[in-house]
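Visitor: with the sequence up front, the predicted model follows.
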Amino acid sequence: MDYRKQFFVHPGTKLSLAGIDPAQTGDQASGEAALPEIQRHVARMAELQALLYADGKQSLLVVLQALDAAGKDGVIRHLFSGMNPQGTSVAGFKQPSADEAAHDFLWRAHQRTPARGEVVVFNRSHYEDVLVVRVHNLVPQAVWSQRYALINDFEKLLVQNGTRVLKFFLHISPEEQLARFKQRLDDPARNWKISETDYSERTLWSDYVAAYEEALRKTSSQNAPWYVIPANHKWFRNLAISQIIADSMEDMNLKVPPPRVDLDAIARKYHAAAAEQKKAGGKASARPAVKE
Ligand code: ATP
Ligand code: MG
């Protein structure tokens with residue numbers, strides 16, 4: 001199953017989240033059976049990240065958006081833990097600070113976009129400015145309705161600068177969300193994650209759905225695609241996202257860069273004596289080469 005094809009939001013077409021079953025698991029029978037495949041994709045992601053870093057020409061931005069408890073944190077923990085922390089980071093976007101609020105809405109996002117060679121995951125993102133901001137009327141409609149075009153221009157700028165942009169909406173049902181809130185309430189290790197606003201936001205579910213539908217429809221493109229990921233089953237969410245990221249990174253044509261120095265000349269200069277000594281049974285005097 002090619003999840004990039006299956007879950008891509010086609011630009012401009014009508015998107016109805018109600019028509020996408022958040023509990024679907026495609027042709028996969030169980031989480032246990034899917035585990036080896038998930039592990040394979042996670043390993044590919046890690047390998048490709050090392051190449052991206054070595055190559056140093058392109059970058060990857062992964063945007064995660066969802067309603068509460070849909071699993072953004074789980075995606076980060078499960079799928080990005082194999083990547084080298086050098087060159088990988090997560091940027092979380094909560095209520096803007098006074099300084100952030102005093103700037104345009106893209107300012108704080110732009111500061112955290114990946115440099116060449118880097119992978120950055122946005123845990124929430126600049127999309128909050130057409131989601132929570134719209135649902136709670138934090139700015140007038142005349143302001144937020146202009147933002148889709150601004151977001152498209154912003155992402156176009158990133159893409160033209162060598163950034164691959166992948167955006168995931170984790171799609172859960174209200175029933176699944178309530179069940180997860182209850183787990184957070186019952187499990188002392190997870191109590192810290194629950195707040196009363198989580199419950200009050202549920203009453204705005206249909207407003208959020210409408211805001212997401214419009215945002216996804218207006219800002220999905222071949223270059224900066226949105227994927228709606230059925231996320232009631234955590235393992236299926238992980239399977240779909242890891243496959244999409246690994247496949248997309250493979251398309252980036254990443255290569256180990258050519259050496260910047262004359263390897264033969266260096267080997268002759270610094271290792272010839274050591275090689276001679278070794279041949280003669282003596283102890284090498286040159287420092288051994290370290291594989292970084
Ligand atoms: P969890 O899912 O674990 O609860 P979270 O991402 O919801 O994590 P919280 O601290 O609970 O983290 O919530 C952050 C809040 O900040 C969210 O309610 C989000 O909508 C809000 N937020 C983010 N960006 C903006 C913005 N630009 N304007 C207003 N609110 C924002
Ligand atoms: Mg929250």
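Guide: Everything's here; your move. Residues are numbered from 1 along each chain as shown. Ligands and ions are numbered 1, 2, ... in the order given.

Visitor: what residue is smack in the middle of the chain?
Guide: residue 62 (2.7 Å; CA atoms, centre = their mean).

Visitor: wait, that residue sits on residue 242?
Guide: No - counting by CB atoms under 8 Å, residue 62 sits too far from residue 242 to count as a contact (11.1 Å). Bear in mind the C-beta positions are built from the backbone N, C-alpha and C, glycine included.

Visitor: that older thread, for the one helix or strand the residue nearest to the centre of the chain maps to, what is the distance to the chain centroid?
Guide: Assigned by DSSP states H and E, residue 62 belongs to strand 59-66. On the basis of CA atoms, centre = their mean, to the nearest Å, strand 59-66 sits 3 Å off its chain's mean C-alpha point.

Visitor: with stretch 84-94 instead?
Guide: 10 Å.

Visitor: so what's the residue count around the closest residue to residue 31 other than its chain neighbours?
Guide: Using CB to CB, 6 or more residues apart in numbering and skipping residues adjacent in sequence, the residue nearest residue 31 is residue 235, 3.3 Å away. As a burial measure, residue 235 scores 17 neighbours (other CB atoms under 10 Å).

Visitor: counting contacts, what elements does the helix or strand hosting residue 235 pack onto?
Guide: Element membership for residue 235, per DSSP H and E: helix 234-250. For helix 234-250, the elements it packs on are helix 3-7, helix 31-55, strand 59-66, helix 72-79, strand 163-171, strand 226-230, judged by 3 or more CB pairs under 8 Å, 6 or more residues apart in numbering; DSSP states H and E.

Visitor: who's in contact with the closest residue to residue 247 other than its chain neighbours?
Guide: Among residues not flanking residue 247 along the chain, residue 4 sits closest, at 6.0 Å (CB to CB, 6+ apart). Neighbouring residues of residue 4 by CB atoms under 8 Å, 6 or more residues apart in numbering: 225, 227, 243, 244, 247, 248.

Visitor: most proximal residue of the stretch 1-150 of the chain with respect to ligand 1?
Guide: The nearest approach of the stretch 1-150 of the chain to ligand 1 comes at residue 128, 3.2 Å away (CB to the nearest ligand atom).

Visitor: what kind of secondary structure is that residue in?
Guide: helix (DSSP: H, G, I helix; E, B strand; the rest coil).

Visitor: so which residues on the stretch 51-200 of the chain come close to ligand 1?
Guide: Applying CB under 6 Å from any ligand atom, we find that the stretch 51-200 of the chain lies next to ligand 1 at 68-69, 73, 93-96, 124, 128-129, 132-133, 138, 193.

Visitor: contacts for the strand holding residue 62, please.
Guide: Contacts of strand 59-66 (CB under 8 Å, 6+ apart): 49, 52, 72, 75-76, 113-125, 127, 131, 158, 162-172, 212, 231, 245, 249, 252.

Visitor: repeat the analysis, applying 7 Å as the threshold.
Guide: With CB atoms under 7 Å, 6 or more residues apart in numbering as the test, strand 59-66 has contacts from 52, 72, 75, 113-125, 127, 158, 162-170, 245, 249.

Visitor: pretty sure residue 243 contacts residue 41?
Guide: Yes - with contact defined as CB atoms under 7 Å, residue 243 reaches residue 41; the gap is 5.2 Å.

Visitor: okay, the residue nearest to residue 247 and residue 244: tell me how far apart.
Guide: 5 Å (CB to CB, to the nearest Å).

Visitor: residue 131 too?
Guide: Taken as CB to CB, the span from residue 131 to residue 244 is 22 Å.

Visitor: so which of the two has more stuff around it?
Guide: residue 244 (24 against 20).

Visitor: test for you: state the pLDDT assigned to the more buried one.
Guide: Listed pLDDT for residue 244 reads 98.

Visitor: now do the contacts for it.
Guide: 3, 4, 166, 227.

Visitor: isn't the first one up against residue 243?
Guide: I take that to be residue 3. Yes - between residue 3 and residue 243 a contact is recorded at 5.1 Å, counting by CB under 7 Å.

Visitor: just the helices in the stretch 51-200 of the chain please.
Guide: With helices called from DSSP state H, counting those that start in this stretch, the stretch 51-200 of the chain shows them at 72-79, 98-101, 107-111, 132-135, 141-144, 147-160, 174-186, 196-202.

Visitor: now those as JSON lines including mean pLDDT and mean neighbour count?
Guide: What follows is those, written out as JSON lines (pLDDT from 0 to 100; neighbours: other CB atoms under 10 Å):
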{"stretch": "helix 72-79", "mean pLDDT": "97", "mean neighbour count": "18"}
{"stretch": "helix 98-101", "mean pLDDT": "98", "mean neighbour count": "11"}
{"stretch": "helix 107-111", "mean pLDDT": "98", "mean neighbour count": "16"}
{"stretch": "helix 132-135", "mean pLDDT": "98", "mean neighbour count": "19"}
{"stretch": "helix 141-144", "mean pLDDT": "98", "mean neighbour count": "12"}
{"stretch": "helix 147-160", "mean pLDDT": "98", "mean neighbour count": "16"}
{"stretch": "helix 174-186", "mean pLDDT": "96", "mean neighbour count": "15"}
{"stretch": "helix 196-202", "mean pLDDT": "94", "mean neighbour count": "13"}
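
Visitor: many thanks, have a good one.
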